[in-house]
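# Take this sequence and fold it.
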Amino acid sequence: MPFGAHGHLSVAADYLGLTVPQLFQKLANGQSLADVAKAQHKSVDGLKKAIVNGAKQDLDQAVKSGFLTEAQAKEALSALQSRIDEIVSGTFPGPGQRGRFHWRQGQPDNGGWRMPAA
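As a prediction, the model looks like this:
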């Protein structure tokens, strides 16, 4: 799955015309995804749309594969859509910062869900 974290970064990197390592470097240097989009002369709204569309494809596949129920996929997509502005602007807590919204790997458990390892 892409933002798994790396999957959404893959979608973002593709949209921005960068490799994932190049995008990681820019993010590690303190730029937000929105900053990188502007520097790459790309639309921030287009970036948001690419991330959400990539997540929807991954969630649809997770439902087909039995890793998620349709309800879980809808909930996850809704959570992403409600936080996409924060994610792209860099104000949303990233991996390791224990924000409420995060991607995990593995089988569904206790009403939560996990994405398969890439």
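# Which SSE is immediately downstream of the helix or strand harbouring residue 35?
When secondary structure is defined by DSSP states H and E, residue 35 falls within helix 33-39. Using DSSP H and E, the helix or strand that follows helix 33-39 in sequence is helix 44-65.
# in that next one, what counts as buried?
Within helix 44-65, the residues that qualify as buried are 44, 47-48, 50-52, 54-55, 58-59, 62-63, counting by 16 or more other Cβ atoms under 10 Å. For every residue, glycine as well, the C-beta is placed using N, CA and C.
# Pick out the most distant pair among those residues.
With distances taken as Cβ to Cβ, the most widely separated pair in those is 44 and 63, at 28.9 Å.
# one step back: tell me the one of the buried residues of helix 44-65 nearest residue 9?
The closest of the buried residues of helix 44-65, once distances to residue 9 are taken by Cβ to Cβ, is residue 51, at 9.0 Å.
# Now do the closest one against residue 69, distance only.
Between residue 51 and residue 69 the computed distance is 22 Å (Cβ to Cβ, to the nearest Å).
# again with residue 60
Separation of residue 60 from residue 69 (Cβ to Cβ): 12 Å.
# between those two, what contacts are shared?
Counting by Cβ atoms under 8 Å, 6 or more residues apart in numbering, residue 60 and residue 69 have no contacts in common.
# what ranges of the protein fall below the confidence cut-off?
In the predicted model of the chain, residues 1-8, 91-118 satisfy pLDDT under 70.
# can you tell me the helix or strand for the closest residue to residue 22 other than its chain neighbours?
If you skip the residues right next to it in sequence, residue 22 has residue 13 as its closest partner in space, 7.0 Å away by Cβ to Cβ, 6 or more residues apart in numbering. Here residue 13 is covered by helix 5-16, with elements defined by DSSP H and E.
# packing partners for the helix holding residue 35?
Using 3 or more Cβ pairs under 8 Å, 6 or more residues apart in numbering; DSSP states H and E as the contact definition, the elements that helix 33-39 packs against are helix 5-16, helix 20-28, helix 44-65, helix 70-89.
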